[in-house]
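Peer 1: only the shape, not the letters, is given here:
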């Protein structure tokens with residue numbers, strides 16, 4: 001019994017210290033907020049004392065923190081990130097086992113982040129060298145880091161949840177008093193009355209290369225006729241967010257401290273997009289509807305006048321401590337497997353430098369556009385998730401323009417499946433799970449017929465006299 005009790009104790013020292021530093025607090029100040037002595041807090045941060053339930057509750061109340069970020073599941077993405085770095089051929093001979101990665105991620109998450117930044121710098125230096133060798137001209141003032149990756153990482157650090165933006169968006173939506181089909185006229189009227197801006201839907205020959213454009217001099221917001229109804233609402237809400245939620249957006253940007261002007265503008269665009277979705281689907285009403293409808297995306301799209309992708313994205317943001325939804329993850333890819341969106345309120349091992357597993361039904365959606373593909377998937381570590389995927393269409397300029405189909409997958413840990421309409425009818429006690437991996441170079445599953453590359457952390461075995469199910473064999 002003593003051993004069992006000891007195993008249940010929660011030691012969160014490194015994560016607690018990281019939280020304190022992110023909040024720019026001294027040990028003395030945090031100790032005062034939690035009602036403990038600085039010396040006791042010091043013991044907690046050094047994992048010499050387990051954190052109690054009472055202290056966890058005080059953390060949630062004092063700092064509006066998601067307690068899941070202090071649990072072991074918060075380390076999974078760090079393990080994946082470190083594994084991706086160590087899968088580089090530069091480290092292939094080390095063969096670092098997974099349990100060592102888990103130990104490092106749990107004990108020193110800041111070190112994992114530092115290694116990731118160093119590896120990013122190494123990849124950027126290598127890319128520049130390749131450009132020089134190929135005699136490809138670079139920009140005169142190249143960005144110190146990739147803006148897209150930087151913004152994605154900062155958004156994920158916040159678990160894609162920005163409470164100040166949600167609160168302000170709820171207030172604006174409440175003032176307009178409209179949802180769904182009635183929202184576009186309300187947005188149009190608010191732009192006209194409060195900001196003297198006219199919304200105009202223009203033909204494609206007037207806007208051949210743009211879907212949305214704000215003309216500051218004429219005080220007009222132009223939206224292409226190629227944008228569907230949900231897209232028009234979103235574009236209008238986006239412009240209103242830039243005008244009325246600038247203080248909240250700028251405050252988030254200031255805390256994030258982007259490295260350059262381009263990254264700063266990209267982060268502002270992402271936050272304005274977040275605010276637009278929050279106006280279309282106000283937090284409280286949207287969460288209440290999602291729970292009552294068992295997260296039926298089809299009904300949610302109809303009720304809130306949003307698209308499938310917009311609803312999926314919004315579902316990943318429901319992390320308010322006092323009113324949480326199912327912690328979903330979302331990913332969007334094109335037919336070539338390029339990832340253009342990835343968000344996670346819960347734990348899912350996204351790949352940062354590679355694509356996704358071809359066994360995931362996310363890719364099968366392109367064979368039957370518009371059809372919903374539910375699937376139970378299992379990662380190599382045994383973690384299981386319920387995934388639903390389907391294609392979506394993006395606005396294009398003309399019939400002959402290809403590449404309009406994208407695939408979107410929304411998922412959550414299998415333990416949440418009973419709360420979802422998509423979990424009904426599944427044998428959740430004994431589900432048929434499709435074994436997938438993060439991507440080929442990180443997956444160590446043997447005998448996979450879809451394998452495109454051998455795992456870089458394992459030595460390749462070549463046998464001239466045998467051809468297995470997988471085109472690549474490797475040592476265990």
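Peer 2: That came through fine. Here the structure is a predicted model, which means the values were calculated and not measured.
Peer 1: ok, the residue nearest to the spatial centre of the chain to residue 215 distance?
Peer 2: The centroid of the chain falls nearest to residue 343 when counting by Cα atoms, centre = their mean (1.3 Å). According to Cβ to Cβ, to the nearest Å, residue 343 and residue 215 sit 32 Å apart. The C-beta positions use only the backbone N, C-alpha and C, and glycine is treated the same way.
Peer 1: same check on residue 280?
Peer 2: Counting by Cβ to Cβ, the gap from residue 280 to residue 215 is 24 Å.
Peer 1: swap in residue 42?
Peer 2: Taking Cβ to Cβ, one finds residue 42 at 58 Å from residue 215.
Peer 1: of the two, which one has the most company?
Peer 2: Per other Cβ atoms under 10 Å, whichever of residue 42 and residue 215 has more neighbours is residue 42, with 16 against 12.
Peer 1: could you find the closest non-adjacent residue to the more buried one?
Peer 2: Excluding its sequence neighbours, the residue lying closest to residue 42 (Cβ to Cβ, 6 or more residues apart in numbering) is residue 27, at 6.2 Å.
Peer 1: burial count for that neighbour?
Peer 2: Neighbours of residue 27 (other Cβ under 10 Å): 17.
Peer 1: for it, give me phi and psi.
Peer 2: phi -60, psi -40 (degrees, to the nearest 10).
Peer 1: that one contacts residue 16, doesn't it?
Peer 2: No. Using Cβ atoms under 8 Å, residue 27 makes no contact with residue 16, being 10.5 Å away.
Peer 1: sorry, back to before: state the distance from the residue nearest to residue 42 to residue 273.
Peer 2: Relative to residue 273, residue 27 is positioned 37 Å away (Cβ to Cβ).
Peer 1: then residue 95?
Peer 2: Relative to residue 273, and taking Cβ to Cβ, residue 95 is found at 42 Å.
Peer 1: equivalent analysis for residue 391, please.
Peer 2: 21 Å.
Peer 1: in the stretch 151-300 of the chain, which spans are helices?
Peer 2: 163-176, 183-195, 229-244, 246-256, 261-280, 283-292, 297-304 (DSSP state H, counting those that start in this stretch).
Peer 1: one more: the stretch 351-476 of the chain?
Peer 2: 361-364.
Peer 1: strands along that one, start to end?
Peer 2: Chain-ordered strands for the stretch 351-476 of the chain, with DSSP state E, counting those that start in this stretch as the definition, fall at 373-378, 384-393, 405-413, 434-435, 460-461, 473-474.
Peer 1: as CSV, these with distance to residue 239 would be great.
Peer 2: Rendered in CSV, the data for the strands of the stretch 351-476 of the chain read as follows (distance: least, Cβ to Cβ, whole Å):
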stretch, distance to residue 239
strand 373-378, 35
strand 384-393, 23
strand 405-413, 24
strand 434-435, 42
strand 460-461, 54
strand 473-474, 53
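Peer 1: to residue 258, which of these lies closest?
Peer 2: For residue 258, the closest of those is strand 405-413, at 26.9 Å, according to Cβ to Cβ.
Peer 1: show me what the closest one is packed up against.
Peer 2: helix 308-315, strand 329-333, helix 361-364, strand 384-393 (3 or more Cβ pairs under 8 Å, 6 or more residues apart in numbering; DSSP states H and E).
Peer 1: can you say which of these is nearest to residue 120?
Peer 2: strand 329-333 (20.9 Å).
Peer 1: chain center to the helix or strand that that closest one is followed by: distance?
Peer 2: For strand 329-333, the following helix or strand on the C-terminal side (DSSP states H and E) is strand 339-344. Computed by Cα atoms, centre = their mean, to the nearest Å, the separation of strand 339-344 from the middle of its chain amounts to 5 Å.
Peer 1: per-residue pLDDT, residue 372?
Peer 2: Here, the pLDDT recorded for residue 372 equals 95.
Peer 1: from what I see, it and residue 387 are in contact.
Peer 2: No. With contact defined as Cβ under 8 Å, residue 372 does not count as touching residue 387 (10.8 Å).
Peer 1: who's more crowded, these two?
Peer 2: Neighbours were counted for residue 372 and for residue 387 using other Cβ under 10 Å; residue 387 has more, 23 against 15.
Peer 1: any idea what that one is bridged to?
Peer 2: Note on residue 387: beta-bridge partners by DSSP bridges are residue 375, residue 411.
Peer 1: and it, how far from residue 168?
Peer 2: Taken as Cβ to Cβ, the span from residue 387 to residue 168 is 32 Å.
Peer 1: might you report the residue contacts of residue 340?
Peer 2: For residue 340, the contacting residues are 332-334, 406, by Cβ atoms under 8 Å, 6 or more residues apart in numbering.
Peer 1: the residues you listed: which two are farthest apart?
Peer 2: Pairwise over the contacts of residue 340, using Cβ to Cβ, the maximum falls at 332 and 334, 8.2 Å.
Peer 1: overlap in contacts of the two?
Peer 2: Joint contacts of residue 332 and residue 334 (Cβ under 8 Å, 6+ apart) are 340, 406-407.
Peer 1: single out whichever of those residues has the smallest pLDDT.
Peer 2: Note: of these, the lowest pLDDT belongs to residue 340, at 88.
Peer 1: from the contacts of residue 340, list the buried ones, please.
Peer 2: Buried members of the contacts of residue 340, counted by 16 or more other Cβ atoms under 10 Å: 332-333, 406.
Peer 1: any idea which of those is closest to residue 458?
Peer 2: Nearest to residue 458 out of the buried ones among the contacts of residue 340 is residue 333 (Cβ to Cβ; 26.0 Å).
Peer 1: so that closest one touches residue 406, yeah?
Peer 2: Yes. Residue 333 sits in contact with residue 406 when judged by Cβ under 8 Å, with a separation of 6.9 Å.
Peer 1: show me what contacts residue 266?
Peer 2: Residues near residue 266 by Cβ under 8 Å, 6+ apart: 147-148, 151, 258.
Peer 1: can you rerun that using 6 Å?
Peer 2: With Cβ atoms under 6 Å, 6 or more residues apart in numbering as the criterion, the residues that contact residue 266 are 147, 151.
Peer 1: and for the one 5 residues further on?
Peer 2: Contact partners of residue 271, counting by Cβ under 6 Å, 6+ apart, are 249, 252.
Peer 1: let's go with 7 Å and repeat that
Peer 2: For residue 271, the contact set (Cβ atoms under 7 Å, 6 or more residues apart in numbering) comprises 162, 165, 249, 252.
Peer 1: and the pLDDT for the third one?
Peer 2: pLDDT for residue 249: 97.
Peer 1: next one: phi and psi at the closest residue to residue 420 other than its chain neighbours?
Peer 2: Distances taken as Cβ to Cβ, 6+ apart place residue 295 nearest to residue 420, at 4.8 Å, with adjacent residues excluded. When read as degrees, to the nearest 10, the backbone of residue 295 gives phi 60, psi 40.
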